[in-house]
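Trainee: below is the sequence, then the predicted model.
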2 protein chains.
Amino acid sequence: KLTVQDVSEFKNLVENPELAIIESEDEIAPYNVDWIGKIKGDCKLVIRPSSTEEVSKVLKHCNHRQIAVVPQGGNTGLVGGSVPIKDEIVISMNRMNRIHGFDNTYNIVRTDAGVILENLMEYLKPFGYMPPVDLGARGSCHIGGNLATNAGGMKFLKYNSMHANTIGLKAVLADGTILDDMKCLRKDNTGYDLKQLFIGSEGTLGIITEAAILCPKIPSDSNVALLACNSFEDVTKILVKAKEILGTNLSAIEYFDNACNRVVSSVLKITNPLGDDHRFYVLTEASDYGLPTPVASSDDQPASGEQGNLVEEKLFALFDSISDLIVDGVVAQDSSQTNAIWKTREGIAEGFVK
Amino acid sequence: KLTVQDVSEFKNLVENPELAIIESEDEIAPYNVDWIGKIKGDCKLVIRPSSTEEVSKVLKHCNHRQIAVVPQGGNTGLVGGSVPIKDEIVISMNRMNRIHGFDNTYNIVRTDAGVILENLMEYLKPFGYMPPVDLGARGSCHIGGNLATNAGGMKFLKYNSMHANTIGLKAVLADGTILDDMKCLRKDNTGYDLKQLFIGSEGTLGIITEAAILCPKIPSDSNVALLACNSFEDVTKILVKAKEILGTNLSAIEYFDNACNRVVSSVLKITNPLGDDHRFYVLTEASDYGLPTPVASSDDQPASGEQGNLVEEKLFALFDSISDLIVDGVVAQDSSQTNAIWKTREGIAEGFVK
């Protein structure tokens, strides 16, 4: 049971207790409930450490006093993993939001776990690189949460999992021990790859505080198609054909059924360019790296430029090869159409919650 | 100490002792020495199990009797990890050489650990897929050894590590316990990802007996360039530029210095197309997936066909962008030139050993 002495001890352990310790019920409220609003905890104290060392000190005290803890990232999970169920204290990572640097030779970014995915994206964009993971919650979710849950996301097919792209990791075990495995060498094979255990372990083995992440180059050409078909069997046939024709240029493929689409359409008022009457929809994104443009272009929308034609051609070639499987299809002609198509997929979770 | 009783017990544990148990000194000899011929063991018994269950029974007995064991794959390692140093018995995986099947929808191959990498390549070729790893020892090394050592190989840059591409794994612990994690679902996030610990653990945690491996589509277009430059600093600058221009179409980049080249040239009589006088050589391979050919072509050498032009153009664009860094360069014009260029790199280890 959390005591007044515990709280004052926590205040001693952190550098800025006025920022790090939240005791007011109102301020705690959002930390107590998940994004869906389905699971509610009864947490009385939120601690927001600003460094790995502070996480270590806090966990050491919790371990000593047997105080239950829930680590929390962006709290965007849909399965209740990020919120307390009883009176556990929440250790929120939202103050550990520094990006430490990007190594342009090896394409590895070093970052705090509490950095919001979209901020990491924005940071990497000027270098021409991007995080290997992307998902609808990008504006709120933390890279640390992506790691702890081994988030797949929409580009998983091409860029693979967090297991594949995590080069280094720093984590704090329940007793406060710091596991420092912040390697920045892709081929480092020394010793057991302990960091892999933390990836996907949902905070049960420790709290991930920092990571070194391998980042892919942003494709110069990218385009998206939305197809409609009549059965799940056809969806898998389209998947096989898309991989056959697009190879690793296939950067995303997602499907959703009529029920999902109806929710997005009726609740979020997002219009599906193929209409709402099809049984299954398949979203397919292709991307590639075209020849470098001799003169820098002011147009940063690849889908509408000349470069975009490369993958557009490939998407149409895919259409040709699956014409017997699809009942309708559209290839985005500009970035607003691209966004509209992606929203039909990304809105599904929100549509069902609203 | 290994006794006569142990040997007869091992013979009882396996189905075909005449194939599985090697006692003759002559036949044991190749299992006792590494590929370099530098490290020699004094092993008196080699066991070649034919199934995970046999590996389990053998290890259980070894554990009970405290008999030291060295697991051995293709025995192609260059660091002495695959041979005994004293009188450990060798458990060779070379009879566990069955490929169990390829799932064309999810591109996952299920295979025994003792399958030779090149055999796995040949098996996958008709499907249009390939193993995610490739290295000079492909004709002898086992996929199980690639896993146990987390082999990087020449396509590591594009296809990533065995951590990234292993979907399922079966391994036998030292006491004979079978860890069956032969999942074939890419996004399976249930539980801790224990299989990752075995990857790169060099047989110290157990013997890998089976695996499910994610395989990339064979690129339709592929070409290779060899460049020469004057300093290691220029090598890293070329690397950065190659990634910038080729993105994930960069499927391999390797460098070697003049000393390496001289050995390959003088010992193996392999001719470097750029001559032997440069300080540093950089081999760069680009690959991509072109538009599907409307009519099947009888020419299976992408580098010489029309499709090959796609990546050839990109390689020349790379040349243009690094013209101040390179002193000479050549792009392969056909598959024999491609092979010749690759041999200048692949021959290095052999050249130094001979």
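Mentor: That came through, no problem.
Trainee: phi, psi of residue A:129?
Mentor: Backbone torsions of residue A:129, given as degrees, to the nearest 10, read phi -120, psi 170.
Trainee: let's see the pLDDT reported for the closest residue to it other than its chain neighbours.
Mentor: On the basis of Cβ to Cβ, 6 or more residues apart in numbering or on different chains, the spatially nearest residue to residue A:129 that is not a chain neighbour turns out to be residue A:215, at 4.2 Å. From N, CA and C alone the C-beta is placed, and that goes for glycine too. As summarised for this prediction, residue A:215 has a pLDDT of 96.
Trainee: what does residue A:102 give?
Mentor: Residue A:102 is assigned 98 on the pLDDT scale.
Trainee: ok, now how distant is it from chain B?
Mentor: Distance from residue A:102 to chain B, counting by Cβ to the nearest Cβ, to the nearest Å: 12 Å.
Trainee: how about the nearest residue to that residue, chain neighbours excluded?
Mentor: residue A:109 (4.7 Å).
Trainee: neighbours around the one you found, how many?
Mentor: As a burial measure, residue A:109 scores 26 neighbours (other Cβ atoms under 10 Å in any protein chain shown).
Trainee: doesn't residue A:99 make contact with it?
Mentor: Yes. Residue A:109 sits in contact with residue A:99 when judged by Cβ atoms under 8 Å, with a separation of 6.8 Å.
Trainee: quick one, what contacts whatever residue of the stretch 251-354 of chain A ends up closest to chain B?
Mentor: Ranking the residues of the stretch 251-354 of chain A by distance to chain B (Cβ to the nearest Cβ) places residue A:289 first, at 3.3 Å. The neighbours of residue A:289, taking Cβ atoms under 8 Å, 6 or more residues apart in numbering or on different chains as the test, are A:217, A:219, A:220, A:221, B:245, B:246, B:247, B:248, B:249, B:314.
Trainee: how's chain A carved up into domains?
Mentor: Listed by automatic domain parsing, the domain ranges of chain A are A:4-92, A:99-214, A:221-353.
Trainee: chain center to the longest one: distance?
Mentor: It refers to domain A:221-353. 20 Å (Cα atoms, centre = their mean, to the nearest Å).
Trainee: and the end-to-end length of it?
Mentor: From its first residue to its last, domain A:221-353 covers 34 Å (Cα to Cα, to the nearest Å).
Trainee: for it, give the mean pLDDT please.
Mentor: 87.
Trainee: that older thread, how much space separates the residue nearest to residue A:129 from residue A:221?
Mentor: Applying Cβ to Cβ, to the nearest Å, the value for residue A:215 to residue A:221 is 18 Å.
Trainee: which residues does stretch A:313-332 contact?
Mentor: Stretch A:313-332 has contacts (Cβ under 8 Å, 6+ apart) with A:223-230, A:234, A:237-238, A:241-242, A:245-246, A:249, A:273-275, A:278, A:282, A:284, A:286, A:288, A:303, A:312, A:337-338, A:340-341, B:289, B:291-292.
Trainee: quick one, which of those are buried?
Mentor: Among the contacts of stretch A:313-332, those buried by neighbour count (16 or more other Cβ atoms under 10 Å in any protein chain shown) are A:223-229, A:234, A:237-238, A:242, A:245-246, A:249, A:274, A:278, A:282, A:284, A:286, A:288, A:303, A:312, A:337-338, A:340-341, B:289, B:292.
Trainee: now that we have the contacts of residue A:289, which one has the most neighbours?
Mentor: Using other Cβ under 10 Å as the neighbour definition, the contacts of residue A:289 reach their maximum at residue B:249, which records 28 neighbours.
Trainee: count of residues packed around residue A:336?
Mentor: Close neighbours of residue A:336, defined as other Cβ under 10 Å, add up to 12.
Trainee: elements contacting the helix or strand that contains it?
Mentor: When secondary structure is defined by DSSP states H and E, residue A:336 falls within helix A:335-353. Under the contact criterion of 3 or more Cβ pairs under 8 Å, 6 or more residues apart in numbering or on different chains; DSSP states H and E, helix A:335-353 touches strand A:221-229, strand A:250-257, helix A:258-267, strand A:280-288.
Trainee: output these as TSV; include the columns distance to residue A:8.
Mentor: Conversion of the helices and strands packed on helix A:335-353 to TSV gives the following (distance: least, Cβ to Cβ, whole Å):
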stretch	distance to residue A:8
strand A:221-229	54
strand A:250-257	50
helix A:258-267	47
strand A:280-288	53
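Trainee: show me where the stretch 51-200 of chain A has its helices.
Mentor: With helices called from DSSP state H, counting those that start in this stretch, the stretch 51-200 of chain A shows them at A:52-65, A:117-124, A:143-148, A:156-159, A:162-165, A:195-198.
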